[in-house]
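one predicted model, sequence on top.
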Amino acid sequence: MIYTELGKSGVKVSAISFGSMRWPSEQACYEIMNRGLDLGLNYVDASTGYIGGKSQVWTGRAVKGRRDEIYFSSKTHFGKAPKADAVRQAIDESLTASELEYYDFYQLWGLGKMEVLKAALKKDGMIEGFRKAQADGLIKHGLGFTFHGPAEVFQAAIDSGQFISATVSYNLMSRKDEDQIAYAGDHGVGVIIMNPLAGGVLGLARTDALDFLRGPGGPAGNGPCHGALRFLLANRNITTAIVGFTAVEEVDQAVAAVDGADQLDEQFRQGLIKQMDAVKLPEGDLCTGCGYCKECPNELDVSRFMQAMRDFNLYGVQGDDLKHWIHSKYPHQDPVAELDKCTQCGQCEEKCPQDLGIIEQINKAKAALIDH
């Protein structure tokens, strides 16, 4: 396993680490985490909200007895803890739920607007709450932020000097934040990659067009995740990639990708970019299933719909079959009534880390569903 210092924390984390958004069950979480720990993974990204709050509980229980082998990170949204006292309450409640005594790292979750950053930095604001918790030993090594927004907000957060890490959505298919990753690296801030496999697309896709990403054994061996992870590890500004494992064998595949990755260079990285661009998959237009759009004010399951549209585009279904495709994805519902819940308020698009045209896709689907 390759280990790199996370920013200026003095802590070295594994090149591949655990995401906790996609655990299929508590038992799977336990098995995956313990297999990963055995193989040298030592960082986990958790939160209060994943899997309806169960994720942090399962993850905390999974590392019992091995707490000194893992750096545990959690996070809180500004909207839920805008003031210092609220931050402390959120941390206390989260630690209790996770059955932990402390976090190694803590993050401002979902930074995307300048006004949020400015408010967080004010006296009695979110950052002050973080610092007080750190002084009390509840956060051991430092603060970070997860990012979904414009470049100027990212750079202002780095320039504030308050953060040792930035968690950014980035993968071979969607590279819009590459300049921000370089900016963080130039300023000594560690970079943690979320969505490294484009929400599983680069782990599960079976199209022959991605065979160049497969590991030893070709199509019968590792999936395209092998090359997708090596692409990230070749970037010296990236500290670790958090993978949302759903099975133990996925851990083994990811660890295999690390072998020799410290010898990869920019030429290797650019070669993969050239090959990926030649595939003509819809770069940057794919839902990753991250779930940030799930809190629709009208209770439309936006993530479910966008993943259906992603698969429609990715796997080459013909355009004339869109109506039948959508009906197949809503076998026990009226998809027209479901999509009619959308009022085009735009909240889902504001939250989407891939900057997807969600409303445009909903309107496209609604048009296809209308009988002419």
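Received it, and whenever you're ready, just let me know what you need. Numbering: from 1, shown residues only.

for the most centrally placed residue in the chain, list each beta-bridge partner.
For the chain, residue 194 is the residue whose C-alpha lies nearest the centre (Cα atoms, centre = their mean; 3.0 Å). Per DSSP bridges, residues listed as beta-bridge partners of residue 194: residue 169.

so who does it touch?
19, 45, 146, 167-170, 242, 290, 353 (Cβ atoms under 8 Å, 6 or more residues apart in numbering). Any C-beta I mention is one placed from the backbone N, CA and C, and that applies to glycine too.

quick one, which of those are buried?
Among the contacts of residue 194, those buried by neighbour count (16 or more other Cβ atoms under 10 Å) are 19, 45, 146, 167-170, 242, 290, 353.

just the ones of these in strands?
Among those, the members falling in strands (DSSP state E) are 19, 45, 146, 167-169, 242.

for the stretch 1-150 of the chain, which segments are assigned as strands?
Ranges of strands in the stretch 1-150 of the chain, per DSSP state E, counting those that start in this stretch, are 3-5, 12-14, 16-19, 43-45, 71-77, 103-111, 139-147.

any chance of these in a markdown table with distance to residue 64 and mean pLDDT as columns?
Listed next are the strands of the stretch 1-150 of the chain as a markdown table, based on distance: least, Cβ to Cβ, whole Å; pLDDT from 0 to 100:
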| stretch | distance to residue 64 | mean pLDDT |
| --- | --- | --- |
| strand 3-5 | 23 | 96 |
| strand 12-14 | 20 | 98 |
| strand 16-19 | 15 | 96 |
| strand 43-45 | 13 | 96 |
| strand 71-77 | 12 | 92 |
| strand 103-111 | 15 | 92 |
| strand 139-147 | 18 | 94 |
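
ok, which of those strands comes nearest residue 32?
Smallest distance to residue 32 across the strands of the stretch 1-150 of the chain (Cβ to Cβ): 7.5 Å, for strand 16-19.

from the contact counts, what lies against the closest one?
Packing partners of strand 16-19 (3 or more Cβ pairs under 8 Å, 6 or more residues apart in numbering; DSSP states H and E): helix 26-38, strand 43-45, strand 240-243, helix 248-258.

tabulate those (CSV), appending distance to residue 140.
Output for the helices and strands packed on strand 16-19, formatted as CSV (distance: least, Cβ to Cβ, whole Å):
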stretch, distance to residue 140
helix 26-38, 18
strand 43-45, 13
strand 240-243, 17
helix 248-258, 25
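
for residue 360, find the nearest of those.
Across the helices and strands packed on strand 16-19, closest to residue 360 is strand 240-243 (Cβ to Cβ), at 29.6 Å.

so, low pLDDT: which residues of this protein?
The chain contains residues with pLDDT under 70 at 199, 204-206, 217-222, 280-285, 315-319, 331-332, 371-372.

give me the domain ranges for it.
Using automatic domain parsing, the domains assigned to the chain come out as 3-279, 302-369.

most tightly packed of those?
domain 3-279 (a mean of 19; mean count of other Cβ atoms under 10 Å).

burial of residue 301, as a residue count?
Neighbour count of residue 301, defined by other Cβ atoms under 10 Å: 15.

what about it, distance to residue 59?
Residue 301 is 25 Å from residue 59, where distance means Cβ to Cβ, to the nearest Å.

what's the answer for residue 97, then?
10 Å.

for the helix or strand hosting residue 360, packing partners?
Assigned by DSSP states H and E, residue 360 belongs to helix 358-369. Helices and strands touching helix 358-369, by 3+ Cβ pairs under 8 Å, 6+ apart, are helix 302-314, helix 322-329, helix 335-339, helix 347-351.

nearest to residue 71, out of these?
Of all these, helix 347-351 comes closest under Cβ to Cβ, at 27.2 Å.

CA-only coordinates of that closest one in PDB, if you can.
Output in PDB follows, covering the C-alpha atoms of helix 347-351 (Å, rounded to 0.1, in the frame of the first residue of the first chain):
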ATOM      1  CA  GLN A 347     -32.500  22.800  -6.000                       C
ATOM      2  CA  CYS A 348     -31.300  19.400  -7.200                       C
ATOM      3  CA  GLU A 349     -29.100  21.100  -9.900                       C
ATOM      4  CA  GLU A 350     -27.500  23.400  -7.300                       C
ATOM      5  CA  LYS A 351     -26.500  20.300  -5.200                       C
END
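
so which elements touch it?
helix 358-369.

outside of the helix it packs on itself, list whatever touches it.
293, 302, 305-306, 309, 322-323, 326-327, 335-336, 339-340, 342, 344, 346, 348-349, 352.

with stretch 128-141 instead?
With Cβ under 8 Å, 6+ apart as the criterion, stretch 128-141 contacts 6, 9-11, 71, 81, 83-88, 91-92, 95, 102-106, 108, 142-143, 164.

rerun that using 7 Å as the cut-off
The contact list for stretch 128-141 (Cβ atoms under 7 Å, 6 or more residues apart in numbering) reads 9, 11, 81, 83-88, 91, 95, 102-106, 143.

can you give me the offset of it from its chain's centre?
Chain-centre distance of stretch 128-141: 24 Å, with Cα atoms, centre = their mean, to the nearest Å.
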